[in-house]
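Asks: curious how this folds, go ahead:
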Amino acid sequence: QVRLVESGGGLVQAGGSLRLSCEASGRPIHNYPMGWFRQAPGKEREFVAAINWSGDTTYYADSVKGRFTISREKADNTMYLQMNRLKPEDSGVFYCAASLGVSPLPTSEYRYNYWGQGTQVTVSS
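Replies: This next block holds a predicted model:
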C-alpha cells in the first residue's frame, strides 16, 4: 500500500509562485510514474503533469507548459510541482498520484492507483 500526502498549497496573488510537495510512505514509489492533477469547483479533475519512474522524462498539460515543473527525489520518496506565474484559473485542489501501470507518463486519472488527499491552491487576481 502507498500513502501520499500533499503539502505546500495556499493563497497567492496572480503572477506568484508555489511549490507543492507529495511525500510517499509505505510501499516505495521510486519505480512508479507519478502525476499531478487538479480540480476546480464544479469541474472535473484534470491532468496537470506527469513524471516517469526515473525522473528524466516529463509531460505537461498545455495550460501549464512553461510555467510548472514536475520533479522527484527518489532518495526521499518525494515528488514536487513548482508552479510559477500562477493565474486565477490555476486555482483548485491539487492531487498527487502514483501509477502501477506500464504507461511511462499516464495522463488519465484512471491509470493511477494511489491518490493523496489534496491541497488547496487559490490564486487571487
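Asks: C-alpha from now on. contacts and neighbour counts both.
Replies: Will do.
Asks: can I assume residue 2 is in contact with residue 23?
Replies: No. Applying C-alpha atoms under 8 Å, one finds residue 2 not in contact with residue 23, separated by 10.1 Å.
Asks: centroid residue for the protein?
Replies: The residue lying closest to the centre of the chain (C-alpha atoms, centre = their mean) is residue 36, at 2.2 Å.
Asks: isn't there a strand covering it?
Replies: Yes. Assessed with DSSP: H, G, I helix; E, B strand; the rest coil, residue 36 lies in a strand.
Asks: since we're on residue 44, how many residues are nearby?
Replies: 9 (other C-alpha atoms under 10 Å).
Asks: ok so, going back, the residue nearest to the centre of the chain pairs with what?
Replies: residue 49, residue 96 (DSSP bridges).
Asks: go on, residue 3?
Replies: Beta-bridge partners of residue 3, as defined by DSSP bridges: residue 25.
Asks: for burial, what's the neighbour tally of it?
Replies: Residue 3 has 18 nearby residues by other C-alpha under 10 Å.
Asks: the chain: strands as residue ranges?
Replies: Per DSSP state E, the chain carries strands over the ranges 2-7, 10-13, 18-26, 34-39, 46-51, 58-60, 68-73, 78-83, 92-98, 114-115, 119-124.
Asks: helices and strands around the first one, which ones?
Replies: Taking 3 or more C-alpha pairs under 8 Å, 6 or more residues apart in numbering; DSSP states H and E as the contact definition, the neighbouring helices and strands of strand 2-7 are strand 18-26, strand 92-98, strand 114-115.
Asks: thanks a lot, see you next time.
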